[in-house]
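Asks: below are the sequence and a predicted model for it; my questions follow.
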Amino acid sequence: MKPVRSILITGGAGFIGSHVVRRMVRQYPQYHILNLDKLTYAGNLENLRDVEGSPNYHFVKGDICDSALLDNLFAEEKIDGVIHLAAESHVDRSLESPLEFVQTNIIGTVTLLQAAKRAWAGKYEGKRFYHISTDEVYGSLDHGGYFTEQTPIDPQSPYSASKAGSDHFVKAFHNSYKLPVVLSRCSNNYGPNHFPEKLIPLLINNIMQNKPLPVYGKGENVRDWLFVEDHASAIDVIFHKGITGNVYNIGGNNEWKNIDLVMLLCQIMDQKLGKVAGSSASLITYVTDRPGHDLRYAIDATRLQTELGWKPSVDFQTGLTKTVEWYLANPQWLEHVTSGSYREYYQEMYANR
Ligand code: NAD
Ligand code: TYD
C-alpha cells in the first residue's frame, strides 16, 4: 500500500523527538515515518525500542548538515512533510561550545530548508515544513507578563540565539520562497527519556545515587513545565491543522520556581524510595549561578488553545510522579546514558561550582 504521507522527523532519537516519533507511528499507521538522527550524545535508539519494528517506521543515521544525504532522502522517500527537532539543546553546553550550536541549529536548519525547497521545487500543495523551536528565543521575563507570539525575539544564551537564528531563517524561507512552514515555541519539557544533564532527570539520577542536588544561584529562577507527551500531542495538532506561516506558543500554564520544584521532586522521591521525609532534600546544594541565567519563562498558549483546540492533559503532580516512576523502573537506561562521556561532562560542569 502506498503511504498517505511520508514524513521526515529529524532528531527523533532524542528526548522530545522520540515521543513525537512514537505518537506519529502509532496514531498514523497509514503514514511513512522516517527518523533522521545523527545519534550525538543526546540521541539514543533505546528510546524507540517499542516502535522500531513497526512497518511504517524507518531509521536513518545521518546529519542534517549533509546536503547530499538530504537530497537522496527527499527524492527516494518522497518526503512531503518535515518535523524538525534535531538540535543541540542544552544551555550549559552552549556556554562552553557556541559554535557547535551554530553548526547544528543554524547551518543544519538552513541545509534542511534548502533541501526541502529543492525537492519540492515550488510544488507546495500538501507539503509542510514544521520547525520546532523554544520559548527561550523570547529572552527572559521578570516577575510579570507572558510570552505571546508577538513578543519580540530577544535571546540571551548562545543556545537561544542559535534557535532564534534558525527561526528567522525558517520565516525568511516562507517570506522569500513561499516555503510552506509552520513554527512552534514550547516551554520546558519533562518526562521519560530526558537526558540527565537537564534539571529534572539530573536531580532524579543524583537522588538515586545519593549525590548532591546542584541548585544554581538561589533557586529563584522560574520555568513553565509541560509533560513531554503533551508537547507531542501539540506538535501533532499543529502539524495537521496549523496555519501556514504561523507561530504557535505551547505551554501548560505551570510556572515553578526552581527551588519549589526541587522540594516537590524530593518529596516524591522520598515516598517512592521509602525514605524518611526530608532525606532527599538534605542533598540540596546551592552552587554558582549559570552566567546570564534567564530569570523567568512563562508562555501564553491562548492561540493554540482557541484556534486549534489543543490543551494539556497531564497535571504536574501526575506527570512528575510518572516521570520518577519511569526512571526508577529503567535504571539500565540511566546507566547506559551516564557512562563514558557523561561522566567527563558532569565532572567538568560541576567540579568547581
Ligand atoms: P535532545 O538534545 O534530547 O535531542 C536532540 C536530538 O537531535 C538527538 O537525538 C541528537 O542526536 C539529534 N541531533 C543533534 N544534532 C544533529 C544533527 N546535526 N543531525 C541530526 N540529528 C542531530 O533535545 P530535545 O530536548 O528533545 O529537544 C528537541 C527539540 O525541541 C530541539 O529543537 C529543542 O530546541 C526543542 N525544544 C526543547 C525543549 C525542552 O524542554 N527540552 C523545549 C522547547 C523546545
Ligand atoms: P535546564 O533543565 O537546563 O533547562 P533550561 O535552562 O533550558 O530552562 O534548567 C532548568 C532550570 O534549572 C534553569 O533555571 C537552570 C536550573 N538548573 C539548576 O539549578 N541546576 C542544574 O544542575 C541544572 C542542569 C539546571
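Replies: Alright, I've got the coordinates. Ligands and ions are numbered 1, 2, ... in the order given.

Asks: so who does whichever residue of the stretch 1-150 of the chain sits closest to ligand 2 touch?
Replies: Ligand 2 sits closest to Val91 of the stretch 1-150 of the chain, with a gap of 4.2 Å, by CB to the nearest ligand atom. Where you see a C-beta, it was placed from the backbone N, CA and C, and this is true even at glycine. Residues in contact with Val91 (CB atoms under 8 Å, 6 or more residues apart in numbering) are 136, 157, 159-160, 290.

Asks: packing partners of the longest helix anywhere in the chain?
Replies: Longest helix in the chain by number of residues (criterion: DSSP state H): helix 158-177. If you count contacts as 3 or more CB pairs under 8 Å, 6 or more residues apart in numbering; DSSP states H and E, helix 158-177 packs onto helix 91-96, helix 98-101, helix 109-120, strand 128-134, strand 181-186.

Asks: if we use 10 Å, what do you get?
Replies: Using 3 or more CB pairs under 10 Å, 6 or more residues apart in numbering; DSSP states H and E as the contact test, the elements touching helix 158-177 are helix 91-96, helix 98-101, helix 109-120, strand 128-134, strand 181-186, strand 247-250.

Asks: what sits up against the second one?
Replies: Contacting residues not belonging to helix 98-101 are listed as 40, 87-91, 93-95, 108, 157-163, 165-166 [CB atoms under 10 Å, 6 or more residues apart in numbering].

Asks: and for the closest residue to ligand 2 within the stretch 251-353 of the chain, the neighbour number?
Replies: Using CB to the nearest ligand atom, the closest approach of the stretch 251-353 of the chain to ligand 2 is made by Asn258 at 4.9 Å. Asn258 has 18 neighbouring residues, counting by other CB atoms under 10 Å.

Asks: what pLDDT does the model give it?
Replies: Confidence at Asn258, expressed as pLDDT, is 98.

Asks: helix, strand or coil: sort out the closest residue to it other than its chain neighbours for me.
Replies: Spatial nearest neighbour of Asn258, excluding adjacent residues (CB to CB, 6 or more residues apart in numbering): Gly219 at 4.5 Å. What DSSP: H, G, I helix; E, B strand; the rest coil gives for Gly219 is coil.

Asks: next: Met269.
Replies: helix.

Asks: now it: how far from Lys218?
Replies: Going from Met269 to Lys218 by CB to CB, to the nearest Å gives 22 Å.

Asks: around ligand 1, pick out the residues from the chain.
Replies: 10-11, 13-17, 37-40, 42-43, 63-65, 85-87, 89, 104, 108, 132, 134, 163, 186, 188-189, 195 (CB under 6 Å from any ligand atom).

Asks: touching, the residue nearest to Asn258 and Arg290? I think so.
Replies: No. Taking contacts as CB atoms under 10 Å, Gly219 lies outside contact range of Arg290: 12.0 Å.

Asks: pLDDT wise, what is the residue lying farthest from the centre of the chain at?
Replies: Residue farthest from the centre of the chain, counting by CA atoms, centre = their mean, is Val276 at 34.1 Å. For Val276, the pLDDT comes out at 97.

Asks: ok, Asn352 next?
Replies: Asn352 carries a pLDDT value of 79.

Asks: kindly report the same for Met1.
Replies: Taking Met1 on its own, its pLDDT is 64.

Asks: could we number from 50 for the rest of this?
Replies: Got it, first residue is 50 now, which makes that one Met50.

Asks: residue of this structure closest to ligand 1, please.
Replies: Closest residue of the chain to ligand 1, CB to the nearest ligand atom: Gly63 (2.1 Å).

Asks: which residue ranges form the strands in this protein?
Replies: 54-59, 80-86, 106-110, 130-133, 177-183, 230-235, 237-239, 262-265, 271-276, 296-299, 304-306, 333-336 (DSSP state E).

Asks: and the fifth one, C-alpha only, in CSV?
Replies: These are the backbone C-alpha positions of strand 177-183, laid out as CSV (Å, rounded to 0.1, in the frame of the first residue of the first chain):
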residue,chain,number,x,y,z
ARG,A,177,4.7,21.2,5.2
PHE,A,178,8.0,22.2,6.9
TYR,A,179,7.4,22.3,10.7
HIS,A,180,10.2,23.8,12.8
ILE,A,181,10.2,23.1,16.5
SER,A,182,11.5,26.0,18.5
THR,A,183,11.6,27.1,22.1
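
Asks: same question for that strand, mean pLDDT?
Replies: Here strand 177-183 scores 99 as its mean pLDDT.

Asks: could you do the third one as well?
Replies: Taken as a whole, strand 106-110 has an average pLDDT of 98.

Asks: same for that strand, what does it pack against?
Replies: Applying 3+ CB pairs under 10 Å, 6+ apart, we find strand 106-110 packed against strand 54-59, helix 64-76, strand 80-86, helix 116-126.

Asks: adding distance to Arg98 as columns, could you present the ones you listed in TSV?
Replies: Listed next are those as TSV, based on distance: least, CB to CB, whole Å:
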stretch	distance to Arg98
strand 54-59	17
helix 64-76	10
strand 80-86	13
helix 116-126	23
